[in-house]
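Enquirer: Mind looking at a prediction? Sequence and model below.
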Amino acid sequence: MTNNNPSVMIQANNLSKNFSGMHALKGASLSVERGEVVCLIGPSGSGKSTFLRCIHGLEKPDGGEVYLEGKLLDPKNKEEYRALRNKMGFVFQHFNLFPNLTVLENCTFAQMQVLKRTQEEATENALSYLGKVGLLEKKDSYPNNLSGGQKQRVAIARALCMNPEIMLFDEPTSALDPEMIKEVLEVIQELAAQGMTMIVVTHEMGFARKVGTKIVFLEAGHVIEEANSEEFFTAPKSDRAKEFLSKVIYD
Amino acid sequence: MDKVLTGENMMFLLQGAGISLALALGALLIGMVIGVLMAAGRISKHKIFNILCGTYVEVLRGTPMLLQIMFFYLGIPVLIRMMTGVRVRMDVYVVALVALSLNSGAYQAELFRSGIQGVDKGQWEACETLGIGYWPMMLKIILPQAFKRIVPPLVSEFITLIKDSSLASCIGTSELMYNAQVLGAHYYDYLTPLLIAGVVYLCMTLVISWLAHKLERRLAVSD
Ligand SMILES: Nc1ncnc2c1ncn2[C@@H]1O[C@H](COP(=O)(O)OP(=O)(O)O)[C@@H](O)[C@H]1O
Ligand SMILES: [Mg+2]
């Protein structure tokens, strides 16, 4: 079975995930069109990360399926599965940069290994993305000598170097000191402005409202509400979302 | 007592020390290759690999090194004769190196396994999301990080090997311990050669600890 609407980038149907008896995700669905910025929000422990990780395949869902550009992500079909997953970039809350490689090497290693680019091509590409996130001068530093905000920007550049069709962010600013959140959100916003398709798990409601085109609200492993972002923030339909929004502060 | 203390005898002991060091270093390096492979086998999800590697590690860590050396020197030739009818005589140096390497491989497998599994889960996941394959990931990302944590126990392993290489004296490998015994028997004076051998062992292990300390400081640079 394939999904043939060409503007649909990702279609996740009825994903569920158990962690030894603990139901983290209970049949969550989501569809992302090309160029959309979907923000996944909800209380902590509601299954946002699990949802995002199941979409990517970092967690193997127990039920449901994910289509990328109409093609089923099926681990049994190894070659295609790998090729499809390589179209997704992933940014982690804790950056997960390689501490034994310099910033530049962090950005070139996978390009050379996976995309078989030459050192020169990979370097040129990496430098252009490091420039875009404003970290050209840090190219020879090791990750542990960078601030949190700088690490996350490198992580974004590293993911972009692989030319993804869609970027997945799991709370990209939650591990950052407050004064560094803005520099990272600006990079993501700039990406959105350039038309990158994205799914962003975030607690930054101001960002979700401004940059998000669609909001998906999760609670206890269920998608409670899905709406375009202005609608969600001005007139949430569900009581759960109203309650959630009344508790969070945003500007 | 002073009869033992000739330049020639000192050279004889130092030659033995060279053999001890060479055996330990060889076993450390060969054991490292075995250790990495065994650790990969124990970590892998492949059932048969997993069981084979697990058995290897348990058997070699669970039996005395002295027995293992004897087994290779005396046991294996019997096996070969039973199977092929050929009489073979094992070279004591080869036996010592093989036995020490296999034994060290089992210990190093455990070092590498815990070192590899100690690398942050996020590193594996980052590789997964970038599409990096298993071996490039292992060689460039995981093992270098695991290695850093493994250096201190690996140094202990090297020191253990230097000391354990003395067990090879029982099959006549002419290393430091054996040579000390030879001198002792020749001059009816065991005290002096044993004391000197002890000092030489101690020097080797202390120098290694000191070098390791410098290496650790070097490796800590990117932290
Ligand atoms: N690897 C895991 N093992 C066990 N439980 C997990 C694991 N990952 C998540 N969970 C549980 O699943 C639920 C949802 O987690 P998560 O998706 O991380 O929520 P969120 O990202 O919305 O905070 C939580 O109760 C969490 O404890
Ligand atoms: Mg989370």
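Expert: Done, it's in. Residues are numbered from 1 along each chain as shown, chains lettered A, B, ... in the order given. Ligands and ions are numbered 1, 2, ... in the order given.
Enquirer: What are the boundaries of the strands in chain A?
Expert: Using DSSP state E, the strands of chain A run over A:8-19, A:22-33, A:37-41, A:63-68, A:71-72, A:88-91, A:166-170, A:197-201, A:214-219, A:222-228.
Enquirer: So is the third one next to ligand 1?
Expert: It refers to strand A:37-41. No - Strand A:37-41 lies out of reach of ligand 1 by C-beta under 6 Å from any ligand atom, never closer than 8.2 Å. No exception for glycine: its C-beta is placed from N, CA and C like everyone else's.
Enquirer: which residues sit in contact with B:Phe112?
Expert: Counting by C-beta atoms under 8 Å, 6 or more residues apart in numbering or on different chains, B:Phe112 touches B:35-36, B:38-39, B:146, B:150.
Enquirer: that older thread, among the strands of chain A, which is nearest chain B?
Expert: Chain B lies closest to strand A:88-91 among the strands of chain A, at 3.7 Å (C-beta to the nearest C-beta).
Enquirer: neighbouring strands for the closest one, and are they parallel or not?
Expert: Counting by DSSP bridges, the strands paired with strand A:88-91 are strand A:166-170 (parallel).
Enquirer: tell me which parts of the stretch 151-251 of chain A are close to chain B?
Expert: Within the stretch 151-251 of chain A, the positions adjacent to chain B are A:158-159, A:162 by C-beta under 8 Å from any C-beta of the partner chain.
Enquirer: if we can go back for a sec, among the contacts of B:Phe112, which are within reach of chain A?
Expert: When C-beta under 8 Å from any C-beta is applied, no member of those is adjacent to chain A.
Enquirer: if we can go back for a sec, of the residues of the stretch 151-251 of chain A next to chain B - the most surrounded one?
Expert: A:Arg158 (31 neighbours; other C-beta atoms under 10 Å in any protein chain shown).
Enquirer: and that one, what pLDDT?
Expert: On pLDDT, A:Arg158 comes in at 97.
Enquirer: can you pull the contacts of it?
Expert: Here A:Arg158 is in contact with A:97, A:106-107, A:110, B:130 (C-beta under 8 Å, 6+ apart).
Enquirer: ok so, going back, turn the contacts of B:Phe112 into TSV, columns for neighbour count and secondary structure.
Expert: Formatted as TSV, the contacts of B:Phe112 follow (neighbours: other C-beta atoms under 10 Å in any protein chain shown; DSSP: H, G, I helix; E, B strand; the rest coil):
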residue	neighbour count	secondary structure
B:Gly35	27	helix
B:Val36	21	helix
B:Met38	25	helix
B:Ala39	25	helix
B:Ala146	22	helix
B:Ile150	21	helix
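Enquirer: from those residues, which single one is nearest A:Val133?
Expert: Sorting those by distance to A:Val133 puts B:Ala146 at the head of the list, at 29.6 Å, by C-beta to C-beta.
Enquirer: Name all residues that make contact with the closest one.
Expert: By C-beta under 8 Å, 6+ apart, the contact set of B:Ala146 is B:112, B:115-116, B:118-119.
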